[in-house]
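# take this sequence and fold it.
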Amino acid sequence: MAKRSKIEGLPPAVKAWLDAALVEGNFSGYEQLAAELKKRGFDIGKSSIHRYGSQFEERLATLKLASQQAKAIVDAAPDEEGAVSEALMRLVQEKLFQVMLDFQVDPKKPLNIASAAKAIAELSRATVGQKKWLAEVREKARTAAEAVTQVAKKGGLSAEAVDTIRREILGIAG
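Below is the predicted model of the structure:
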């Protein structure tokens, strides 16, 4: 079994400080960080901090890229009907399915089957919930459109004006 990282064993407050210091220092200054940790009572070498920092920097860069891409997608294609959420859920479902298909026991990267199954179940519930919400929104829009149509007809609006109002409520491109 692989040796557990000393950094992973740090108390949460010290680890949080180290993470913040790594980000603030642009993932450099490992000797100073090792010296500061030693002052705090933790003997962790600069090489260990560098290994941890490199992994942390890579994860942080991946998260930043994903956040930027998600923001760009939302900005480019507003999601009134939940299409982006649905697409995201499908991508996650596909990724989880692929992980399950490719599952191999690797002592360095253990896969927690229970956590994966829980993630799949939660994703399925989210998918069902999103579809239910979308159906409810569409039904409310149809009901509102019908009510407005009746009021507009009684008020003497032209058929064209009534149709325009109805299309706006339902979000139908004209």
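# please save the CA atoms from the helix or strand in which Glu168 is found in PDB.
Element membership for Glu168, per DSSP states H and E: helix 159-170. Extracted C-alpha coordinates of helix 159-170, given in PDB (Å, rounded to 0.1, in the frame of the first residue of the first chain):
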ATOM      1  CA  ALA A 159     -56.000  37.600 -34.500                       C
ATOM      2  CA  GLU A 160     -52.500  38.600 -35.400                       C
ATOM      3  CA  ALA A 161     -51.900  40.500 -32.200                       C
ATOM      4  CA  VAL A 162     -53.300  37.600 -30.100                       C
ATOM      5  CA  ASP A 163     -51.100  35.200 -32.000                       C
ATOM      6  CA  THR A 164     -48.000  37.400 -31.300                       C
ATOM      7  CA  ILE A 165     -48.800  37.600 -27.600                       C
ATOM      8  CA  ARG A 166     -49.300  33.800 -27.500                       C
ATOM      9  CA  ARG A 167     -46.000  33.200 -29.200                       C
ATOM     10  CA  GLU A 168     -44.200  35.500 -26.900                       C
ATOM     11  CA  ILE A 169     -45.600  33.700 -23.800                       C
ATOM     12  CA  LEU A 170     -44.700  30.300 -25.200                       C
END
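# same question for that helix, mean pLDDT?
In this model, helix 159-170 has a mean pLDDT of 76.
# next one: stretch 128-138
82.
# residue farthest from the centroid of the protein?
Distance from the centre of the chain peaks at Gly156, with 49.4 Å (C-alpha atoms, centre = their mean).
# quick one: that residue from Gly9, how far?
Distance from Gly156 to Gly9, counting by C-beta to C-beta, to the nearest Å: 77 Å. All C-beta spots, glycine's among them, are computed from the backbone N, C-alpha and C.
# tell me the SS of Lys6?
coil (DSSP: H, G, I helix; E, B strand; the rest coil).
# quick one, what contacts it?
Contact analysis of Lys6 by C-beta atoms under 8 Å, 6 or more residues apart in numbering lists Phe42, Ile44, Ser48.
# for the protein, what helix or strand is lowest in average pLDDT?
Lowest by mean pLDDT, DSSP states H and E among the helices and strands of the chain is helix 83-102, with a mean of 69.
# how distant is the following helix or strand past that one from the center of its chain?
Downstream of helix 83-102, the next assigned helix or strand under DSSP H and E is helix 113-154. Between the centre of helix 113-154 and the centre of its chain there are 20 Å (C-alpha atoms, centre = their mean, to the nearest Å).
# helix 113-154 vs helix 159-170, what angle?
Angle of helix 113-154 versus helix 159-170, following axes from the mean of the first three to the mean of the last three C-alpha atoms, to 10 degrees, is 160 degrees.
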